[in-house]
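# Using only what follows, build the 3D model:
(2 chains, ligands or ions: 4)
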Amino acid sequence: MSYDVSESELLASGHVACPGCGAPMAVRYALKALGENTVLIVVASCWSIIAGPFPYTAAQVPLLHTLFATGGSVASGVKAGLEARGLQDTTVLTLAGDGGTFDIGIQALSAAVERNEDFIYMCYDNEAYMNTGIQRSSATPWGAWTTTTPVKHPKDQPKKDMVAIMAAHRIPYTATATIAYPEDLIRKVQKAKSIRGSKFLHVLAPCPSGWKSEPSQSVLLSRLAVESCIFPLYEVEHGEEYRITVWPKARVPVQKYLRLQGRFAHLRDEDIGRIQENVDDEWQKLVTRSDRAKAPGNVDQAF
Amino acid sequence: MTYQISFRNEGEMPDLPVSSGTTLYNTTGTWRYVRPVYRNKTSPCNVACPAGEDIAQYLGLVAKGKYQEARLRILEENPFPGVCGRVCPHPCESECNRAELGGSISIHMVERFLADLAGGAPVQRLPSNAPAGATVAIVGSGPAGLSCAYQLARRGYPVTVFEAWDDLGGTMRLGIPAYRLPRHVLDAEIAAIARLGVEMCTGRRLGDNLSTADLRAFSAVFLAVGQQKSRALEVAGEDAQGVVAGLDFLRRVNLGMPVEVGARVAVVGGGNTAMDAARAALRLGAQTVTVLYRRSRYEMPAIAEEVQEAQDEGICFEFLTTPVRVLTEDGAIRGLQCVRMQLGAPDGTGRRRPEPLAGSEYTLNVDVLIPALGQEADLAFLEHWAGGGLAQTLSMANGLLETDAAAQSSQTGIFVGGDSATGFGTVAHAVGSGKRAALAIDRYLHGEDLNGFPALDQHVHAAPRDLDPAVVRFADLNLAYFEELPRPEPKQRPAIERKRDFAEVTDGLDEQQVQQEAHRCFSCGTCNGCDTCWLYCPDVSISRVDHSDYQVNYDYCKGCGICAQECPRRAIVMEEELKWKK
Ligand SMILES: Cc1cc2nc3c(=O)[nH]c(=O)nc-3n(C[C@H](O)[C@H](O)[C@H](O)COP(=O)(O)OP(=O)(O)OC[C@H]3O[C@@H](n4cnc5c(N)ncnc54)[C@H](O)[C@@H]3O)c2cc1C
Ligand code: SF4
Ligand code: SF4
Ligand code: SF4
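Ligands and ions are numbered 1, 2, ... in the order given. All right, here's what the predicted structure looks like:
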């Protein structure tokens, strides 16, 4: 066994992510895919901290810190500036959390991709405003505890379907990825790099502090999210062509994923049953919509 | 090297807040309260191998295409990979974790493949360690004796092996037939031992033309005389002509002496000797060969594969039956009177005791009867033992020579092993036993203490690797990294063809299949350079060179434990930082 992953290391140790955080992993892989000729735009998020305080940086490429709502607009401007300087080949990668993407940044993001600006927007989704103290976002899944959706009133709305929103913009490339599948993530970033126009990557990144999970289990959780079909790995081209890129080896019940996380500890069996039903439905829809040619026989069965 | 940046005054600061250094200034290792430590653990196959082979490691070498290195690694522990790759009942495979995901690794077939490689480098001698003038005598040239001779000769000892017969190899040669163990394989492995300078004295039987006084001339003695006596049938007429004990029958066959089998052969017994005698008789032209066993197939001690092969070749089995009298005519056998049995209450071994069924006697026409009820140690030489300048005779335990964990007999300087002392009854056990004796003799001749040898049912290593003794079981593995893959089965010559001659029955695996096995191996507990830990470390704190020499940079590792959790084969442990601070 060995991985098809570049040796280049553009993320430095010493960054201040919590132990077991998925966010630096996502960026490490993205930078392996993109190489040095990259500019990072970091929207206010955990990564604003992770990157380290002035005068230090964890990323070995130019990194621009910016405001919550500006991921799409700053990237557009930076790209225009690079092009004005003749630096057509430099990739602009916006890095934003779920808050800066699903909630606060959606207007600028929608506008930028509607203009089909040439940049990659990577949302590392840890499903709440984590570094400000675990407040719910529109990416927080139904039933989850956060400090603003306490156990007595856990979140009562489903997670916003951001990929569908981006696909609806008919941008050239939209994809999901997660840290347990670095080769898939890297391939998608490379593919995004090779396409001109707007690309959106939705990366699930476990957060041990906010998920109340074991730091050592971040990769495990990321894998279970995929194997349980809670977070399927797929890509969408031009808003039309859906393709599942990683089929679950064997579908696992959502319970396995949920029960490892303290933020779901209060869920009753019937709540989990409801989540399972919903996941089954969504998975079926995705399978129906996607190119089924590569579907192995055993993954369609529901629980 | 310092990564710290300090501005002495405002003027030194940039106009815009631009970074000028990396976060390497920030040694996040101080956050850690547990630390990952690379520590290879023990695989269940390694524990189970009686010859002490480091299976997990050599399969890893095979996977990398390093066949000669893998072969030499086996040879550190066992000079008989060609033999064991063929005849060992492979207890390692019974314990293999792969059994749960497609079938256990065909370990013996990889071992056989490596042993059969052409042009292998000769086994390496070790730097000579023998005290001046020390010499060792070994009685018996079976796998125990030769394994001991081999390990001592590699360490520079002058070793003399005394063997009663004219041929070397013990039961490997006198018992196991050539269709299971081709003689060129055995010959080559014995020749390699002789090439180390071991003096082989054949035709010397202890108690006969070799005396205990002769042995006194050596600084240490290893007795490994095996079990050469067939257990008697204990029925009337068993000394008739045409009744020949299983071991004697096989010895004659294997030494190429003339043997009459007649048309109808009956073999009594359910062990390997019975299977070998039956299949050999068939190959010598017997028309019908019937194996009589007093319990059911389920209780047969023979290796299951061998029973199947015998059945495929047309050997008949009659279970739950036992002979009560040999019918004779003019001193020669003419038939066998048997009685049917039924299984009663469990006996001391946990197996149900067979009891005769009243009135069920019947007669079988038989030309040759081969009782193969098991073997015992022939320790007749002990009668002359005390006279040979030795004060007392050796102590016995359960019909075998008494031994302790360091292979010592009841007399200082006399070591014992193999079937005549342990009674374990496989070549691999004998190899392990001989090695144990060699290591003990080496220590004894240096005047060192002989405590600390593992118990007899645990295995010794001549070249142990630094391994945590914790055994990695199936449930310990990270199954996300493994898929179900089938075990390749070797080809066998068709029964109709193979039962006519003594040529080898089972083919080896080809290189591609061997690669498949090496890659199917989980490498339980042993890092095989898969890079998983390196890839997932969120803190970029793991370095490595060319898939080896993995190192954690403790300056930055936060102790999240992802590497240990994800390692597919559990080669990383998390340890409390406090323990390391001390
Ligand atoms: C028919 C048969 C089939 C078997 N098949 C298998 C198998 O498939 N796989 C497996 O793992 N094991 C098998 N075994 C068991 C295996 O052969 C023995 O466990 C193993 O050979 C024991 O090794 P040893 O060195 O202790 O004794 P042995 O191999 O028996 O060697 C003892 C040697 O000592 C010599 N000797 C005895 N007395 C004296 C004396 N007084 N003076 C000098 N020399 C003496 C003998 O001639 C012999 O050469 C089989 C055994 C038999 C009988
Ligand atoms: S999978 Fe490999 S290391 Fe593990 S028990 Fe089997 S042979 Fe040994
Ligand atoms: S993850 Fe792979 S490379 Fe790392 S210790 Fe385990 S086996 Fe070795
Ligand atoms: S994955 Fe990295 S940070 Fe986590 S314990 Fe292992 S070496 Fe340390």
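# Not counting its neighbours along the chain, what's nearest B:Q458?
B:V47 (8.0 Å; C-beta to C-beta, 6 or more residues apart in numbering or on different chains). In this view, the C-beta of every residue, glycine as well, is placed from N, C-alpha and C.
# so where's chain B shaky on pLDDT?
In the prediction, chain B carries residues with pLDDT under 70 at positions B:1, B:387-391, B:582.
# again, 80 this time
B:1, B:119-124, B:349, B:384-392, B:580-582 (pLDDT under 80).
# what does the domain assignment say about it?
B:136-228+B:377-445, B:237-374 (automatic domain parsing).
# hey, which of these is tucked in deepest?
Mean neighbour count, computed with mean count of other C-beta atoms under 10 Å in any protein chain shown, is highest for domain B:136-228+B:377-445 among the domains of chain B, reaching a mean of 21.
# what sits against A:Q261?
Counting by C-beta atoms under 8 Å, 6 or more residues apart in numbering or on different chains, A:Q261 touches A:W211, A:K212, A:S213, A:L221.
# Wait, a strand at A:V236?
Yes. Using DSSP: H, G, I helix; E, B strand; the rest coil, the assignment for A:V236 is a strand.
# Once you drop chain neighbours, what's closest to residue 258?
In the absence of a named chain, chain A is used. The nearest residue in space to A:L258 (C-beta to C-beta, 6+ apart) is A:F264, at 4.3 Å.
# ah, I was thinking of chain B
Nearest to B:P258 is B:R252, by C-beta to C-beta, 6+ apart, at 7.7 Å.
# Now the phi/psi pair for the one you found, please.
With angles defined as degrees, to the nearest 10, B:R252 sits at phi -60, psi -50.
# isn't it right next to B:G246, touching?
No. Look at B:R252 against B:G246 with C-beta atoms under 8 Å: they stay out of range, at 11.0 Å.
# tell me the secondary structure for B:A564?
helix.
# which residues touch it?
Taking C-beta under 8 Å, 6+ apart as the test, what B:A564 contacts is A:S216, B:P36, B:C533, B:R570, B:I572, B:V573, B:M574.
# what about burial for the contacts of A:Q261, which qualify?
A:W211, A:S213, A:L221 (16 or more other C-beta atoms under 10 Å in any protein chain shown).
# of all these, which comes closest to B:Q375?
Lowest distance from B:Q375 to the buried ones among the contacts of A:Q261 (C-beta to C-beta) belongs to A:L221, with 58.8 Å.
# if I look at that closest one, how far off is ligand 2?
As judged by C-beta to the nearest ligand atom, to the nearest Å, A:L221 and ligand 2 stand 27 Å apart.
# In three-state terms, label the nearest residue to A:P24 once chain neighbours are set aside for me.
Once flanking residues are discounted, A:P24 sits nearest to A:A17: 4.6 Å by C-beta to C-beta, 6+ apart. State at A:A17, reduced to three classes by three-state DSSP: coil.
# confidence score at A:A17?
Looking at A:A17, its pLDDT is 98.
# Can you tell me how far the closest residue to ligand 4 within the stretch 51-200 of chain B is from chain A?
Nearest residue of the stretch 51-200 of chain B to ligand 4: B:G60, at 22.1 Å (C-beta to the nearest ligand atom). Distance, B:G60 to chain A, by C-beta to the nearest C-beta, to the nearest Å: 12 Å.
# before we move on, the earlier item: just flag the most distant two among the contacts of A:Q261.
Across these (C-beta to C-beta), the longest gap, 11.3 Å, separates A:K212 and A:L221.
# Direction included, what does the host helix or strand of B:A358 pair up with?
Secondary structure from DSSP states H and E places B:A358 in strand B:352-365. Here strand B:352-365 is paired, per DSSP bridges, with strand B:332-346 (antiparallel).
# Give me the distance from the partner strand to the chain's centre.
35 Å (C-alpha atoms, centre = their mean, to the nearest Å).
# And for stretch B:477-487?
That offset, for stretch B:477-487, works out to 26 Å (C-alpha atoms, centre = their mean).
# Can you mark which positions in that stretch are buried?
For stretch B:477-487, using 16+ other C-beta under 10 Å, the buried residues are B:L477, B:N478, B:A480, B:F482, B:R487.
# And whichever helix in chain B runs longest, how far out from the chain middle?
Assignment by DSSP state H gives helix B:427-445 as the longest helix of chain B. From the chain centre to the centre of helix B:427-445 is a distance of 14 Å (C-alpha atoms, centre = their mean).
# Can it be said to contact ligand 1?
Yes. Helix B:427-445 reaches ligand 1 (C-beta under 6 Å from any ligand atom) through B:V427, B:A428, B:A430.
# my guess is the first one contacts B:V83, does it?
Yes. If you go by C-beta under 8 Å, B:V427 and B:V83 touch, sitting 5.9 Å apart.
# which neighbours do those two share?
In terms of C-beta under 8 Å, 6+ apart, B:V427 and B:V83 are both contacted by the residues B:P143, B:M172.
# give the contact list for B:E95.
B:P44, B:C45, B:V47, B:A48.
# if I read this right, the first one contacts B:L477, doesn't it?
No. Assessed by C-beta under 8 Å, B:P44 is found out of contact with B:L477, at 10.9 Å.
# Name the residues contacting each of the two.
Common neighbours of B:P44 and B:L477 (C-beta under 8 Å, 6+ apart) are B:N97, B:C524.
# one step back: adding distance to B:R154 and secondary structure, write the contacts of A:Q261 out as JSON lines.
Below are the contacts of A:Q261 laid out as JSON lines (distance: C-beta to C-beta, whole Å; DSSP: H, G, I helix; E, B strand; the rest coil):
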{"residue": "A:W211", "distance to B:R154": "57", "secondary structure": "helix"}
{"residue": "A:K212", "distance to B:R154": "58", "secondary structure": "coil"}
{"residue": "A:S213", "distance to B:R154": "54", "secondary structure": "coil"}
{"residue": "A:L221", "distance to B:R154": "52", "secondary structure": "helix"}
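# Now do the phi/psi pair for the nearest residue to B:N272 once chain neighbours are set aside.
Excluding the flanking residues, the one nearest B:N272 by C-beta to C-beta, 6+ apart is B:A302, at 5.1 Å. With angles defined as degrees, to the nearest 10, B:A302 sits at phi -60, psi 150.
# from what I can see B:A302 touches B:D276, true?
No. Between B:A302 and B:D276 there is no contact under C-beta under 8 Å: 9.1 Å.
# which ones are touching B:A462?
B:G52, B:E76, B:E77, B:Q151, B:K435, B:A438, B:L439.
# what's around A:L204, how many residues?
25 (other C-beta atoms under 10 Å in any protein chain shown).
# Let me know the distance separating it from A:D184.
12 Å (C-beta to C-beta, to the nearest Å).
# Also B:V185?
B:V185 is 49 Å from A:D184, by C-beta to C-beta.
# just A:A177 next, same as before
In terms of C-beta to C-beta, A:A177 sits 6 Å off from A:D184.
# what touches both of the two?
Shared contacts of A:A177 and A:D184, counting by C-beta under 8 Å, 6+ apart, come down to A:L233.
# can you pull the contacts of the residue most central in space within chain B?
For chain B, B:A428 is the residue whose C-alpha lies nearest the centre (C-alpha atoms, centre = their mean; 2.9 Å). Going by C-beta under 8 Å, 6+ apart, B:A428 touches B:C49, B:P50, B:A51, B:N78, B:C84, B:C88, B:P91.
# Likewise for B:P301?
Contacts of B:P301 by C-beta under 8 Å, 6+ apart are B:G270, B:G271, B:N272.
# Recalculate using a threshold of 6 Å.
B:P301 makes contact with B:G270, B:G271, according to C-beta atoms under 6 Å, 6 or more residues apart in numbering or on different chains.
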